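A.B. asks: No letters, just coordinates:
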Ligand SMILES: [Zn+2]
């Protein structure tokens, strides 16, 4: 199976080499010639679009609604990566599979940028490289945006003014978003600011916005928890007296429903690793706003 996938990558790479290299360089002002950007996840795709505006075409390798932690790239994804002039990955193990795609693409002029590089990771058991979900703290997402801006300025200097202006405006928007989340979080009584989430995506969010993480349903996104682990979450929910637990659209909510029923609490959906097609989560800013609004509704 793995061998088949590898040779398919190779085939795609060869096809791209044969037919895909005739275009002009990055940042031509001619219409229709956009900087080709690949992002590993839809959250990063949105950040790159906000900065790049009309000068860039950004694809997301993990489709909207998908989980980067259980994602299996296809030969088509290899094609998308080999066509990209810039690849934005999150890093810290979230999207490590992109390494193989980049390697097999054979595109030597490609820029590969790890957006979480240089940020201070929170280490815990499940994530050897530190938890990868930095973007759920808006201040860290702002660091991503600055890196995206600086990369696009380098790759496409003719667009520098556009990228700087777009980034400046967007960073201000994110500053406002950060303030909104802080204010909303503070409206929840401190003893109720406790999160039981579906997977371990919230350490940066919790640290930035004053929440305590008391439980995670899915310690490992790749495996179903044992019945003992599920019982433990139920006990935590009861002991900590949390009024609600949270699911995420990229995971099957069945388990959370079971826990909620047993512990007699409500279930709310939060967005983390992917945008959605619904208005509530169709952009990074919308997703963060929806998350804090739902948390306030659940715990406030
Ligand atoms: Zn995740």
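C.D. replies: Sure thing, it's come through. None of the values given here were measured: they were computed from a predicted structure. Numbers count the residues shown, from 1 in each chain.

A.B. asks: so where's the stretch 51-200 of the chain shaky on pLDDT?
C.D. replies: Residue ranges of the stretch 51-200 of the chain with pLDDT under 70: 124-128.

A.B. asks: hmm, try it at 80
C.D. replies: Low-confidence segments of the stretch 51-200 of the chain (pLDDT under 80): 123-129.

A.B. asks: which residues of it fall in strands?
C.D. replies: Using DSSP state E, counting those that start in this stretch, the strands found in the stretch 51-200 of the chain span residues 56-60, 86-89, 111-114, 194-199.

A.B. asks: Out of those, which is closest to residue 211?
C.D. replies: For the strands of the stretch 51-200 of the chain, the distance to residue 211 is smallest for strand 194-199, at 5.1 Å, taking Cβ to Cβ. Using the backbone N, CA and C atoms, a C-beta is placed for each residue, glycine as well.

A.B. asks: OK, now which residue of the stretch 151-300 of the chain is nearest to the ion?
C.D. replies: residue 273 (4.1 Å; Cβ to the ion).

A.B. asks: now residue 65, nearest residue through space, not along the chain?
C.D. replies: The shortest distance from residue 65 to any non-neighbouring residue, by Cβ to Cβ, 6 or more residues apart in numbering, is to residue 274 (5.7 Å).

A.B. asks: show me the contacts for residue 229.
C.D. replies: residue 219 (Cβ atoms under 8 Å, 6 or more residues apart in numbering).

A.B. asks: would you say it is within a strand?
C.D. replies: No. If the criterion is DSSP: H, G, I helix; E, B strand; the rest coil, then residue 229 is helix and not within a strand.

A.B. asks: okay, the strands of the stretch 51-200 of the chain, which one's buried deepest?
C.D. replies: Sort these by mean neighbour count, taking mean count of other Cβ atoms under 10 Å, and strand 86-89 sits at the top with a mean of 26.

A.B. asks: and stretch 265-278, average pLDDT?
C.D. replies: In this model, stretch 265-278 carries a mean pLDDT of 96.

A.B. asks: end-to-end on it?
C.D. replies: 25 Å (Cα to Cα, to the nearest Å).

A.B. asks: Next: stretch 93-106.
C.D. replies: Start-to-end, stretch 93-106 (Cα to Cα) is 22 Å.

A.B. asks: so which strand or helix has the residue nearest to residue 65?
C.D. replies: Following DSSP states H and E, one finds residue 274 outside all helices and strands.

A.B. asks: thought it was touching residue 64?
C.D. replies: Yes. Counting by Cβ atoms under 8 Å, residue 64 is a contact partner of residue 274 at 6.0 Å.

A.B. asks: These two - which one has more neighbours?
C.D. replies: residue 274 (21 against 16; other Cβ atoms under 10 Å).

A.B. asks: Now the residue of the stretch 1-150 of the chain found nearest the ion. Nearest residue, chain neighbours left out?
C.D. replies: Using Cβ to the ion, the closest approach of the stretch 1-150 of the chain to the ion is made by residue 69 at 5.1 Å. Spatial nearest neighbour of residue 69, chain neighbours left out: residue 221 (4.1 Å); criterion: Cβ to Cβ, 6+ apart.

A.B. asks: now that neighbour, what's its secondary structure?
C.D. replies: coil.

A.B. asks: What confidence value was assigned to it?
C.D. replies: Predicted confidence (pLDDT) for residue 221: 82.
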